[in-house]
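# here is my input, please return the structure:
(2 chains)
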Amino acid sequence: MTFLSIDWFFILEKILLISAVLVLSLVVAMYSTWGERKVAAWIQDRLGPNRAGPIGLLQPLADGGKLFFKEEIIPTNANRFLFILGPSIAMLVACMTSAVIPWGDTLTIAGHTVSLQVADVNIGILFIFGVLSVGVYGIMIGGWASNNKYSLLASVRAASQIISYELPMGLALIALLMLTGTLSLKEIVEQQRHGLWNVVYQPLGFFIFLVCAFAECNRAPFDLPEAENELNGGYHLEYSSMKLGFYLFAEYINMFVSSALMATMYFGGYAFPGMDSLGVSPNTLTILGFVALFVKILLFIFFFMWVRWTVPRFRYDQLMRLGWRVMIPLALANMLITGAIVLARQH
Amino acid sequence: MQPLTNRAKAVDRSPMTFLEKMYVPAIAKGMGITFKHIFKRKATVSFPEQRRQFSPVFRGLHILNRDEEGRERCTACGLCAVACPAEAITMEAAERKPGEENLYREEKYAARYEINMLRCIFCGFCEEACPKDAIYLSETFAPSNYQRKGFIYGKPDLLIPNPKQQDK
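Numbers count the residues shown, from 1 in each chain, chains lettered A, B, ... in the order given. Coordinates of the predicted model:
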């Protein structure tokens, strides 16, 4: 179906895929709030939300409705434009990263081959890194525009924390890239489909990436930018109504996306063992692969929550020392060892 | 000083070993503990559906008692109001008229008897002070209302049903 030399089916396919991915990440983020409260409750020997709907499943809707109907307050001395820009950037950036993640192999619908990936760009990982580092602007601008010292302190913390942990994260990824030789996430998954998962080759790299992902998502034990009990909620202290909702939502979407990233890069993405000897039709296999990826993502999200309710928050100097004096040297060592092994195997 | 219990333990101040400095084993251990808690019995009592067991001496909302013939026992002596540390009890006395002998046990009765449940601390002193066994603290609890005046319980709320009328 081509008209005006544009493949309209391709555009329709991409629009549908983008909406599906967007809805998926929003729904997962919504139910992460429910999941977090449930996990917190179970770990603390409680039951968790169970009043709104069966086992509390309508709780996120109630929370969302409450946030929508709350009064919107913009402080008198706040910069109005930046104050609104902050949560918008946070939300936008959080939704953008999911574009390059391969959610599955290809589906064949009515003779068309549909790839379950919004954009298979050959610089997938670089794209994610670029977008993620814009994410800190959402926090920075929000904290600055609030004209409140707690918010400002929190955003300063957030900025230095994210810069400090992006370095070891990138270094851990370089080791992975040396191993796979590609920046495209789709190819990384395909390589793991026909070989072993990357976590087998890169256990230390994965561990560094995991710790840094916690810091990048502002999750406990690295939740200093939004430390409830020392900064009154941190950079979103002055926010109310859905602008606050956007910040909280962006955090959960970030958690979802980094779980998807870790699953894709280190745990085989949509590939699962014995996938090619199953003998089912390619379409079924694709759907099974998507389910496998989703299970991995949910396990990672559970891990995020599990850590949050176990490990207490770091002190700021401990955070910085861990970042600069432990994580970066470890990542560098990991990179050197990987490089040496890759070089040795080539000769 | 002599240790008071056998639980006293000297604080280990030896420098941390490399493994301890890594923190990862300790974190893994802690996560094992929190994971075990997921499957433990939950401490929550889902209140309206489930109720806790109370001891026999539990002190809940008050009732005003009647005697075997269904007559009100209270004579409005005011001892409960005097005993009340929260000053939650108010009453007005009235004299029994001829022909009301089946309603009130003594010659004097409480025309108005009110307990403010927001003031009440459920200490049970009224129950102890009562010479006529007229007031008791029951096992019902957690009164709820939309307005403050709904918490002032009058005689219709407090009096137990007449056993004679129930028989019919």
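
# list the contacts of residue A:21.
Counting by CB atoms under 8 Å, 6 or more residues apart in numbering or on different chains, residue A:21 makes contact with A:98, A:99, A:103, A:118. Bear in mind the C-beta positions are built from the backbone N, C-alpha and C, glycine included.

# which one of these is nearest residue B:43?
residue A:98 (38.8 Å; CB to CB).

# the contacts of residue A:21 also near chain B: which ones?
By CB under 8 Å from any CB of the partner chain, no member of the contacts of residue A:21 lies near chain B.

# hey, where'd the strands end up in the chain?
You didn't pick a chain, so chain A it is. Taking DSSP state E as the criterion, chain A contains strands spanning A:2-3, A:6-7, A:106-109, A:112-115.

# correction: the question concerned chain B.
Per DSSP E, chain B carries strands over the ranges B:62-64, B:89-95, B:108-116, B:135-137, B:152-153.

# sorry, back to before: going by distance to chain B, which of the contacts of residue A:21 wins?
residue A:98 (27.9 Å; CB to the nearest CB).

# show me the shaky parts of chain B.
Counting by pLDDT under 70, the ranges of chain B that qualify are B:165-168.

# around chain A, which positions in it sit nearby?
Contact residues (CB under 8 Å from any CB) of chain B with chain A: B:27, B:30-31, B:33-35, B:37-38, B:40-44, B:46.

# try 6 Å
Chain B comes close to chain A at residues B:27, B:30, B:31, B:34, B:37, B:38, B:40, B:42, B:43, B:44, as judged by CB under 6 Å from any CB of the partner chain.

# in this structure the fifth one contacts residue A:42, no?
Read that as residue B:37. No: counting by CB atoms under 6 Å, residue A:42 is not a contact partner of residue B:37; they are 7.2 Å apart.

# higher neighbour count, the two?
A count of neighbours by other CB atoms under 10 Å in any protein chain shown puts residue A:42 above the other of residue B:37 and residue A:42, at 21 against 14.

# return the per-residue confidence for the more buried one.
With respect to pLDDT, residue A:42 scores 90.

# quick one: contacts for it?
Each residue near residue A:42 by CB atoms under 6 Å, 6 or more residues apart in numbering or on different chains is listed here: residue B:38.

# do the one 10 residues further on as well
For residue A:52, the residues meeting the contact criterion (CB under 6 Å, 6+ apart) are A:58, A:59, A:62.

# for residue B:8, phi and psi?
Dihedral angles phi and psi of residue B:8 (degrees, to the nearest 10) take the values phi -60, psi 140.

# tell me how many other residues crowd residue 12.
All of this is about chain A. Around residue A:12 there are 11 other residues, counting by other CB under 10 Å.

# could you do chain B instead?
Using other CB under 10 Å, residue B:12 has 6 other residues around it.

# measure it to residue B:3 for me?
Residue B:12 is 17 Å from residue B:3, where distance means CB to CB, to the nearest Å.

# one more: residue A:325?
Residue A:325 is 41 Å from residue B:3, by CB to CB.

# just residue A:40 next, same as before
Residue A:40 is 38 Å from residue B:3, by CB to CB.

# neighbour count winner among those two?
residue A:40 (15 against 8).

# list the contacts for the more buried one?
Per CB under 6 Å, 6+ apart, neighbours of residue A:40: residue A:309.

# could you do residue A:271 as well?
So residue A:271 contacts A:189, A:192, A:193 (CB under 6 Å, 6+ apart).

# burial of the last one, as a residue count?
In other words, residue A:193. Counted with other CB under 10 Å, residue A:193 comes out at 18.

# with the first one instead?
With neighbours defined by other CB under 10 Å, the count for residue A:189 comes to 26.

# go through the lengthiest helix in chain A and flag the buried ones.
As assigned by DSSP state H, the longest helix anywhere in chain A is helix A:8-43. Neighbour-count burial for helix A:8-43 flags A:13, A:17, A:21, A:25-26, A:28-39, A:41-43 (criterion: 16 or more other CB atoms under 10 Å in any protein chain shown).
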